[in-house]
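>>> Need a 3D model of the sequence below.
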Amino acid sequence: MKNIDRRNFLKKTSLTAAAIATATAFDSCAEAEPERAANAQYMGGFSAPKLETVRIALIGVGARGSGHARNLAMLEGTEIVAISDLYQDWAERSKTTCEEIGDGQRHQDIALYTEGENHWKVMLDEVKPDAVFISTNWSNHAPMAIQAMKKGAHAFVEVPIALTIQEMWQVVDTSESTKKHCMMMENVNYGRDELMYLNMCRQGIVGDLLHAEASYIHELRFQMEEQERGTGSWRTPHYAKRNGNLYPTHGLGPVAQYMNIGRTDDSFKKIVSFSTPAMGRQAYAEKNYAADHKWNQLDYQGGDLNTSIIKTNLGRTIMVQWDETSPRPYSRLNLVQGTKGTLAGFPTRVALEGGVEGVTDSHHQWAQGKDLQALYDKYDHPLYKRLSESAKGSGHGGMDGIMRYRIVECLRNGWPLDQNVYEGCLWSSVSPLSEKSVAQDGTPQDFPDFTRGAWNDTAPLVIIS
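Just a heads-up that it's a prediction; the model follows:
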């Protein structure tokens, strides 16, 4: 601690009068549960009418959205009908890509909407798409998803689904009232290891589940170079102004599905959260930018690393960590512990009571490395086996392609989606709840029940072939 200014350290880590005052900004976390509208439809296992061809519009085609456009254009049964973006060149780039993929047969009349921040609203009115893919800055996710559903489209939103508990309730209520899907596109749920672990948990290989660990440890300070457009241009102020777990779902989504959270078995009950001092971003800005640069004018309040503990209704625990600042290797932890063994990630490894047959002699040894092939051969998820080859090159080791394929497959067949609107809101609610807990020196916060009790009757995610 000798290199930390004591006065500054106490200022940033103690529960002071200022912190108590700041906590009032999170009062919406404790709002009473709104009543379900009379015409609402519970969306837990909702199946929308089949769409022979899914007419798709995209809002935001930067780094993430351009990948969605390209991959969706490749899928059978899709038609890219419109693109909206603040930047004409990005919109034109994705339009050209989709037209080339269509080879004169599909995606040939793509309308562009690039005239200001609200031109996407005109797009929804004029084009009337079946589905809208939203890849914009975080603050736009909920408003755009809500408006898309109100205009008759299913909404597919990048993570997080919304920033505040109030917005999450609005997303839920709009989905239920319009009877339109709203799915947060948590792509990590479609990773090979995550799918295999889900399959193993469903088969009871590790027994009754007790504990999980999830994280998003990803050093992304280089994004501060994106100052006019791109992820860093709008994320950096979030890191400065907010103190909590700002990006929980990549690690949390998979372990929540292992545990059947929000589906029959269990749901989140309470969360406590603590953050380290905020030092790394400011030090990086001071080292790499001039004293008068805008990144050096920010008062960085968000701790470099946040650790949160979730307790479920059944008493199970989940540790969730977030750190996009510290110089360390990437990790999502991806650990689930049961009464008969443990599955873990980064590196991928498995320990089972009595050992992994043909690989290890006891649970005191990990099966890992080349020894894992026997486990992949036996427990690879059927969905991964079916789609892994076609998904290669689609991003993040194939998980992006599998996710997009499944979205289109479900819409065309009238099947329930793999992730419902309540899961997207529950996983995303970790952010505002953690911020409130940090501001109140780790005081436990109650999770809202976005299903209004209906999770008890919501079937677990099926292991589809």
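>>> My understanding was that G191 contacts H396; is that so?
Yes: with contact defined as C-beta atoms under 8 Å, G191 reaches H396; the gap is 7.4 Å. For the C-beta atoms, the positions are set from N, CA and C on the backbone; glycine is no exception.
>>> more neighbours, these two?
A side-by-side neighbour count of G191 and H396, using other C-beta atoms under 10 Å, places G191 first with 24 against 16.
>>> Quick check: the gap between that one and S431.
Distance of G191 to S431, computed by C-beta to C-beta, to the nearest Å: 22 Å.
>>> for P129, same thing?
P129 sits 29 Å away from S431, going by C-beta to C-beta.
>>> Comparing those two, which residue is more hemmed in?
Comparing P129 with S431 by neighbour count (other C-beta under 10 Å), the higher total belongs to S431, at 27 against 22.
>>> pLDDT averaged over the helix or strand E126 falls within, what's the number?
If you go by DSSP states H and E, E126 is part of helix 119-127. In this model, helix 119-127 carries a mean pLDDT of 98.
>>> who does the helix or strand just after that helix touch, helix- and strand-wise?
Sequence-wise, the next helix or strand downstream of helix 119-127 (DSSP H and E) is strand 131-134. With contacts taken as 3 or more C-beta pairs under 8 Å, 6 or more residues apart in numbering; DSSP states H and E, strand 131-134 sits against strand 54-59, helix 63-74, helix 138-150, strand 154-157.
>>> Contacts for the first one, please.
Looking back up the chat, that one is strand 54-59. By C-beta atoms under 8 Å, 6 or more residues apart in numbering, the surrounding residues in contact with strand 54-59 are 65, 68-69, 72, 77-85, 94, 120, 123-124, 127, 129-136, 140, 144, 153, 408, 411-412.
>>> Show the buried residues in these.
Applying 16 or more other C-beta atoms under 10 Å to the contacts of strand 54-59, the neighbour count classes 65, 68-69, 72, 78-85, 94, 120, 123-124, 127, 129-136, 140, 144, 153, 408, 411-412 as buried.
>>> With mean pLDDT and distance to Q203 added, can I get the helices and strands packed on strand 131-134 in JSON lines?
Listed next are these as JSON lines, based on pLDDT from 0 to 100; distance: least, C-beta to C-beta, whole Å:
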{"stretch": "strand 54-59", "mean pLDDT": "98", "distance to Q203": "33"}
{"stretch": "helix 63-74", "mean pLDDT": "97", "distance to Q203": "31"}
{"stretch": "helix 138-150", "mean pLDDT": "98", "distance to Q203": "35"}
{"stretch": "strand 154-157", "mean pLDDT": "98", "distance to Q203": "30"}
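>>> Most tightly packed of those?
Burial of the helices and strands packed on strand 131-134 is given as mean neighbour count (mean count of other C-beta atoms under 10 Å); strand 154-157 ranks first at a mean of 28.
>>> Against which helices or strands is the helix holding E126 packed?
Using 3+ C-beta pairs under 8 Å, 6+ apart, helix 119-127 is in contact with strand 54-59, strand 78-84, strand 111-113, helix 138-150.
>>> circling back to that earlier point, now the helices and strands packed on strand 131-134 as TSV including distance to T114?
Converted to TSV, the helices and strands packed on strand 131-134 look like this (distance: least, C-beta to C-beta, whole Å):
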stretch	distance to T114
strand 54-59	11
helix 63-74	13
helix 138-150	15
strand 154-157	21
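>>> right, so of the ones you listed, which gets closest to T443?
helix 138-150 (24.7 Å; C-beta to C-beta).
>>> Measure how the closest one sits relative to helix 119-127, angle-wise.
Relative orientation of helix 138-150 and helix 119-127, computed by axes from the mean of the first three to the mean of the last three C-alpha atoms, to 10 degrees: 20 degrees.
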